[in-house]
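# Turn this into a structure:
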Amino acid sequence: MPSAGSYYRVVGGVRVRRVLLARTRYAVYYSLDAEAEVVTVHSVWSTLRGRGPKL
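This is a model prediction of the structure:
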């Protein structure tokens, strides 16, 4: 379910989504191209860092 993530921000004209993985304290930042059916993972980031990744 690639559209399950919430919108995080727009980077370079691409909408980046974020899914929080509560048990591991990590977040996956990704974008979705629905027409091409492609998901691009931009970062897997620990929430313990206290800030988001530089996308």
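
# and residue 55, how far is that from residue 31?
Separation of residue 55 from residue 31 (CB to CB, to the nearest Å) stands at 9 Å. No exception for glycine: its C-beta is placed from N, CA and C like everyone else's.

# My error: substitute residue 51 in the last question.
Looking at residue 51 against residue 31, where the rule is CB to CB, the gap reads 20 Å.

# the more surrounded of those two?
Under the neighbour definition other CB atoms under 10 Å, residue 51 and residue 31 were set side by side, and residue 31 has more, 20 against 7.

# Which of the three states applies to the more buried one?
Local secondary structure at residue 31 is given as strand here, using DSSP: H, G, I helix; E, B strand; the rest coil.

# beta partners of it?
residue 40 (DSSP bridges).

# Likewise for residue 17?
Under the criterion DSSP bridges, residue 17 forms beta bridges with residue 7, residue 30.
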